[in-house]
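Enquirer: coords please:
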Amino acid sequence: MNCIESENERRIMTSRERWTVYPLLFLAIGLAIRPSVSEFEINTEVLSSSHVRCRELMIESDDGTILLHMGRVVDEGGGRIEVKNASGENTVAIGARPGESFGQVELFDGEGRLRSVLDGRNQ
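Expert: Below is the predicted model:
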């Protein structure tokens with residue numbers, strides 16, 4: 001009869017067991033609801049802001065072609081804005097090239113080849 005009674009009895013958790021189980025439970029819940037890196041991406045139709053601070057800005061068409069690229073030029077260059085056509089070829093670029101301290105405007109043809117440069121040099 002003791003075996004039957006002991007199986008039906010409810011066992012209360014001891015204080016030591018609580019101090020072990022509950023912190024682990026809260027840790028598991030916290031890790032489960034922690035935001036991942038991909039959740040920092042925002043998808044929206046309209047975004048209004050008085051200031052935007054970023055390292056790079058790209059505007060893409062619906063098919064993923066980059067139409068406008070604003071950012072820093074590699075190899076210690078300054079800032080640069082590149083406007084591209086529907087095919088993704090450069091049409092106009094404004095900014096500084098790596099190793100140059102003056103700004104320039106670059107004009108490209110339909111295939112993205114450099115055709116003309118306006119710069120800050122005295123000519």
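
Enquirer: report the longest helix in the chain, please.
Expert: helix 15-33 (DSSP state H).

Enquirer: for this structure, what helix or strand is lowest in average pLDDT?
Expert: Counting by mean pLDDT, DSSP states H and E, the chain has its least confident helix or strand at helix 2-8, which shows a mean of 55.

Enquirer: Share the number of residues neighbouring Ile12, please.
Expert: 6 (other C-beta atoms under 10 Å). C-beta coordinates here come from the backbone N, C-alpha and C atoms, glycine included.

Enquirer: Give the full set of residues in contact with Gly71.
Expert: Arg55, Glu56, Leu57, Met58, Gly79, Arg80 (C-beta atoms under 8 Å, 6 or more residues apart in numbering).

Enquirer: go on, Gln104?
Expert: By C-beta under 8 Å, 6+ apart, the contact set of Gln104 is Ile94, Gly95, Ala96, Arg97, Val117, Leu118, Asp119, Gly120.

Enquirer: Make a markdown table out of the contacts of Gly71 and add neighbour count.
Expert: Output for the contacts of Gly71, formatted as a markdown table (neighbours: other C-beta atoms under 10 Å):
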| residue | neighbour count |
| --- | --- |
| Arg55 | 7 |
| Glu56 | 8 |
| Leu57 | 11 |
| Met58 | 11 |
| Gly79 | 12 |
| Arg80 | 20 |
